[in-house]
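S.K.: Whatever this is, show me its structure:
(one chain, ligands or ions: 1)
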Amino acid sequence: MKIAILPGDGIGTEIVAEAVKVLQVLDLKLETETALVGGAAYEAHGHPLPDSTLQLARQADAILFGAVGDWKYDKLDRPLRPEQAILGLRKHLGLFANFRPAICHEQLVDASSLKPELIAGLDILIIRELTGDIYFGQPRGRRTATDGHFPGSEEAFDTMRYSRPEVERIAHVAFQAARKRNKRVTSVDKANVLETFQFWKDVVTDVAREYPDVALDHMYVDNAAMQLVRAPKKFDVIVTGNMFGDILSDEAAMLTGSIGMLPSASLNARNQGLYEPSHGSAPDIAGKGIANPLATILSAAMMLRFSLNQPEAADHIETAVRAVLAQGLRTADIAGPGTIPVGTVAMGDAVAAALRQALH
Ligand code: NAD
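M.R.: Alright, predicted model coming up:
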């Protein structure tokens with residue numbers, strides 16, 4: 001089993017190191033190879049996704065990704081910006097299905113900005129389509145400049161589009177995931193205003209006929225945004241397009257207290273996957289040793305479950321994370337009264353120790 005390790009920028013290197021440390025505790029034959037991506041790759045090779053990195057990613061069974069980006073690259077031409085690496089990997093590897101579980105760990109109920117009774121026991125899964133929608137529509141309205149600004153232009157535009165096969169395949173992913181959970185899918189759209197999403201709704205409804213055991217309902221995105229903070233537990237699986245999923249999954253992330261807790265997986269049709277925390281490179285705290293590595297460690301667990309067929313090892317990591325939270329250890333982003341403050345490395349060490357204990 002070969003894993004491409006792409007730490008990236010900012011806190012990416014710090015949190016991926018902790019996830020690798022935890023993986024090494026497992027008695028699995030994992031071959032790892034590390035490569036540059038994002039701003040770090042731009043500095044070394046002049047491109048955020050060099051051919052060598054892409055080749056490594058293609059050959060690997062799974063990719064463990066940290067985060068990319070830094071404000072210092074904001075003035076670069078858009079194709080050279082660090083964030084293009086992640087779009088490039090999604091496109092080249094056909095990673096169309098993004099899984100973002102939002103689980104509220106019992107010990108972190110108080111870290112949420114919502115009332116404890118609203119989020120205690122929260123366990124929802126947002127499935128975001130990743131390779132279509134307005135982020136990939138053609139043509140894109142970058143007409144007069146490459147630096148992201150439009151001197152002399154009076155308008156800019158992007159086009160929203162989805163094809164039937166694109167909607168069908170993400171709908172199948174959602175219904176199949178729901179079958180392993182509480183058998184409910186909420187498809188989020190904006191069918192009242194956008195033709196693309198009336199089409200989305202129609203196609204999802206067609207696919208639902210193949211899953212009579214799964215309940216489907218439809219919800220407009222503005223209502224979904226509201227319901228996520230009003231009564232998040234009423235959802236099971238949410239499936240939506242690229243842009244709505246981008247926004248709703250960050251909203252759902254905050255329900256659980258910290259974006260530093262949430263893993264994600266992006267899969268292609270062969271179950272090859274890219275696993276990364278839901279957050280970015282956090283340049284504001286990079287290098288300080290205070291980033292929360294748990295989202296990345298939990299992403300490594302998802303990698304074992306989805307791409308490497310090691311569900312027991314995944315369970316062990318998740319149990320180790322719960323044990324460490326139960327011990328009261330907290331990085332600054334999830335700290336609360338009476339907890340034990342730790343940094344990135346100490347948190348990784350604690351999870352590795354809890355895992356070792358669980359295995360022996
Ligand atoms: P961000 O997620 O990096 O940070 C948002 C806030 O959350 C910051 O205050 C940060 O300190 C905090 N935070 C994030 N992760 C944390 C962690 N593990 N532990 C503790 N605190 C954490 O989002 P941003 O500030 O909007 O973006 C920063 C850079 O990251 C930008 O260049 C952006 O483009 C990039 N980005 C990359 C990805 C990716 O690589 N997939 C995703 C989102 C943003």
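S.K.: Dihedrals phi and psi, the closest residue to the ligand within the stretch 151-300 of the chain?
M.R.: Nearest residue of the stretch 151-300 of the chain to the ligand: Gly280, at 2.4 Å (Cβ to the nearest ligand atom). From N, CA and C alone the C-beta is placed, and that goes for glycine too. Per-residue torsions, Gly280: phi -100, psi -160 (degrees, to the nearest 10).
S.K.: Could you report the neighbour count for it?
M.R.: The local packing of Gly280 (other Cβ atoms under 10 Å) involves 20 other residues.
S.K.: again with Val237
M.R.: 27.
S.K.: what residues are up against it?
M.R.: Shown in contact with Val237 (Cβ atoms under 8 Å, 6 or more residues apart in numbering): Ile124, Leu125, Ile126, Ile127, Ala174, Ala177, Ala178, Arg181, Arg184, Val185, Thr186.
S.K.: Surely the fifth one is within a helix?
M.R.: Yes. Assigned with DSSP: H, G, I helix; E, B strand; the rest coil, Ala174 falls within a helix.
S.K.: just to revisit the earlier point, list the contacts of the closest residue to the residue of the stretch 151-300 of the chain closest to the ligand other than its chain neighbours.
M.R.: With Cβ to Cβ, 6 or more residues apart in numbering as the measure, Ala67 is the residue that lies nearest to Gly280, at 5.0 Å, once sequence neighbours are left out. With contact set as Cβ under 8 Å, 6+ apart, Ala67 has these partners: 8-12, 15, 38, 276-277, 279-282.
S.K.: CSV please, covering those residues and showing secondary structure and pLDDT.
M.R.: Converted to CSV, those look like this (DSSP: H, G, I helix; E, B strand; the rest coil; pLDDT from 0 to 100):
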residue, secondary structure, pLDDT
Gly8, strand, 98
Asp9, coil, 98
Gly10, coil, 98
Ile11, coil, 98
Gly12, helix, 98
Ile15, helix, 98
Gly38, coil, 98
Glu276, strand, 97
Pro277, strand, 95
His279, coil, 91
Gly280, coil, 94
Ser281, coil, 97
Ala282, coil, 97
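S.K.: So which of these is the closest to Met226?
M.R.: His279 (23.6 Å; Cβ to Cβ).
S.K.: now the helices for the stretch 151-300 of the chain?
M.R.: For the stretch 151-300 of the chain, applying DSSP state H, counting those that start in this stretch gives helices covering 164-179, 195-208, 221-230, 242-255, 294-306.
S.K.: just those: most buried one?
M.R.: Of all the helices of the stretch 151-300 of the chain, helix 294-306 carries the top mean neighbour count, a mean of 26, counting by mean count of other Cβ atoms under 10 Å.
S.K.: tell me the angle it makes with helix 242-255.
M.R.: 120 degrees (axes from the mean of the first three to the mean of the last three Cα atoms, to 10 degrees).
S.K.: Excluding chain neighbours, what is closest to Ile124?
M.R.: Nearest residue to Ile124 in three dimensions, chain neighbours excluded: Phe235, at 4.6 Å (Cβ to Cβ, 6+ apart).
S.K.: Return the residues in contact with the one you found.
M.R.: Contacts of Phe235 by Cβ under 8 Å, 6+ apart are Ile124, Arg184, Thr186, Gln227, Leu228.
S.K.: rewinding a little: now the helices of the stretch 151-300 of the chain as TSV including mean pLDDT and distance to Phe157?
M.R.: As requested, these are exported to TSV (pLDDT from 0 to 100; distance: least, Cβ to Cβ, whole Å):
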stretch	mean pLDDT	distance to Phe157
helix 164-179	97	21
helix 195-208	98	14
helix 221-230	97	20
helix 242-255	91	15
helix 294-306	96	35
